[in-house]
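Q: Quick one, fold the following:
(one chain, ligands or ions: 1)
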Amino acid sequence: MEKKNIDWANLGFSYVETDKRYVSNYKDGAWDEGELTSDANVVINECAGVLQYAQTCFEGLKAYTTEDGHIVTFRPDLNASRLADSARRLEMPAFPEERFLEAIDQVVAANAAYVPPYGSGATLYIRPYIFGTNAVIGVKPADEYQFRVFVTPVGPYFKGGIKPLTICVSDFDRAAPRGTGHIKAGLNYAMSLHAIMTAHANGFDENMYLDPATRTKVEETGGANFLFVTKDNKVVTPKSSSILPSITRRSLIYVAKEYLGLEAEEREVSFDEVKDFAECGLCGTAAVISPVGKIVDHGKEICLPSGMEEMGPVTKKLYETLTGIQMGHIKAPEGWIRRIV
Ligand SMILES: Cc1ncc(COP(=O)(O)O)c(C=O)c1O
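A: This is a model prediction of the structure:
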């Protein structure tokens, strides 16, 4: 199969239309059999549930080429179950998890020419989502839905090398206790846009959100979970029922314990203890881990000892081990890598 003529190393993170996408529609209480289509446009009623009341949820994962030339995805079963959890919380029908996996395999295989080659640092980003399609004017769930998966090639996350981020403690809240912070609902991202634009306007890369009830505990950023390393090399990630259960974070905790022999714990993290950590990173599908060098709380700076030039040593080991597992240099735990081609 011949690859598309794309400058993989210089791709950014923006939408590039590819050849095929998967569509299945839900009507009269059942999902239809679904199919691949070349049509990149969605035509829905002006009063569709997604347009009026934001009834939509999504996932994000990647396909990439391993060292031995296979195209694979990383733990897509966890995206399938997280999308089903998101759908149920928004009163939408869950898409069957086994069919989710098959749909992704089909779309990736049909767009194999867009999967960046091994070593390019680029990947194929996969976006599955479900949205309410029929007209609803009273506030209630739609009766009809579409499950759709498209893919788009994206460039290497750390173009020009890894540079630690500077983040700020946000004055905005991301997710209420007992709200929707633990699911991947479009509405969580709509309301984060003003907060991230404000952070950028003030010269910060990202927001650190605190728990809205007490504003004393660390939650997450708009698109990644936190990972901290203590001065005695223990990995700590915040536990909260209102953060998204990051697949990368869960994988890193396993890697820390089972591959690196480190202690790792998921527990509440108070903002007061952040100044005592040795390293901080943001974990998610996009970057695996982005190191944080500085956290600014209304003018008060916390400078992580790992500094503004490079990843901290434990963060780096975690990053190298997990990306090694993904790329096929390091043996993966059973069931983590799904081979498509
Ligand atoms: C709010 C939020 N937290 C965390 C993550 C990281 O999750 P994952 O590791 O599953 O990509 C994401 C990205 O999907 C996110 O949007």
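
Q: Enumerate every residue touching Met1.
A: Met1 makes contact with Ala112, Ala113 under the criterion CB atoms under 8 Å, 6 or more residues apart in numbering. For glycine as for every other residue, the C-beta is placed from the backbone atoms N, C-alpha and C.

Q: Would you check how far apart it and Tyr114 are?
A: For Met1, the distance to Tyr114 (CB to CB, to the nearest Å) stands at 10 Å.

Q: Quick one: name the residues of this protein near the ligand.
A: With CB under 6 Å from any ligand atom as the criterion, the chain comes near the ligand at residues Gly60, Glu220, Gly223, Ala224, Asn225, Leu244, Ser246, Ile247, Thr248, Arg249, Gly284, Thr285.

Q: Let me know the closest of those residues to Arg178.
A: The closest of those to Arg178 turns out to be Leu244 (CB to CB; 15.2 Å).

Q: Would you check that that closest one makes contact with Phe226?
A: No - counting by CB atoms under 8 Å, Leu244 stays clear of Phe226, with 11.7 Å between them.

Q: Can you pull the residues that touch both of these two?
A: What both Leu244 and Phe226 touch, as defined by CB under 8 Å, 6+ apart, is the set Glu220.

Q: Nearest residue to the residue of the stretch 51-200 of the chain found nearest the ligand in space, ignoring adjacent ones along the chain?
A: Relative to the ligand, the nearest point of the stretch 51-200 of the chain is Gly60 (4.9 Å; CB to the nearest ligand atom). Sequence neighbours aside, Thr285 is the residue nearest to Gly60 in space, at 5.5 Å (criterion: CB to CB, 6 or more residues apart in numbering).

Q: where do the helices sit along this structure?
A: 49-53, 76-89, 97-110, 186-190, 193-201, 247-254, 313-327 (DSSP state H).

Q: Pipe these into a markdown table and attach mean pLDDT and mean neighbour count per row.
A: Shown next, in a markdown table, are the helices of the chain (pLDDT from 0 to 100; neighbours: other CB atoms under 10 Å):
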| stretch | mean pLDDT | mean neighbour count |
| --- | --- | --- |
| helix 49-53 | 98 | 20 |
| helix 76-89 | 98 | 20 |
| helix 97-110 | 98 | 19 |
| helix 186-190 | 98 | 16 |
| helix 193-201 | 98 | 14 |
| helix 247-254 | 98 | 21 |
| helix 313-327 | 97 | 20 |
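
Q: what about His215, neighbour count?
A: Check again: residue 215 is Arg, not His. Here the count is done by other CB atoms under 10 Å, and Arg215 has 13 residues near it.

Q: who touches it in this structure?
A: Contacts of Arg215 by CB under 8 Å, 6+ apart are Phe271.

Q: try Asp276
A: Contacts of Asp276 by CB under 8 Å, 6+ apart are Thr230, Lys231.

Q: Ok, the one 3 residues further on next?
A: Contacts of Glu279 were listed using CB under 8 Å, 6+ apart, and they are Phe228, Val229, Pro291, Leu304, Pro305, Ser306, Met311, Gly312, Pro313, Val314, Thr315.

Q: what does Arg127 give?
A: Phe58, Glu59, Gly60, Val149, Phe150, Val151, Thr152.

Q: Write a ChimeraX command that selects only the buried members of these.
A: The following ChimeraX line selects those of these that are buried, judged by 16 or more other CB atoms under 10 Å:
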select :58,59,60,149,150,151,152
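
Q: mind putting the contacts of Arg127 in TSV, pLDDT included?
A: As requested, the contacts of Arg127 are arranged in TSV below (pLDDT from 0 to 100):
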residue	pLDDT
Phe58	98
Glu59	98
Gly60	98
Val149	99
Phe150	98
Val151	98
Thr152	98
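
Q: now the contacts of Arg127 as TSV including distance to Met92?
A: Shown next, in TSV, are the contacts of Arg127 (distance: CB to CB, whole Å):
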residue	distance to Met92
Phe58	11
Glu59	13
Gly60	18
Val149	16
Phe150	19
Val151	22
Thr152	24
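
Q: Most neighbours out of the contacts of Glu279, which is it?
A: Neighbour max across the contacts of Glu279 (other CB under 10 Å) = Thr315, 28 neighbours.

Q: how much space between that residue and the ligand?
A: 15 Å (CB to the nearest ligand atom, to the nearest Å).

Q: for Leu210, same thing?
A: Remark: distance between Leu210 and the ligand (CB to the nearest ligand atom) = 14 Å.

Q: what separates that residue from His70, distance-wise?
A: Using CB to CB, one gets 42 Å for the distance from Leu210 to His70.

Q: now swap in Leu187 and tell me
A: Leu187 is 37 Å from His70, by CB to CB.
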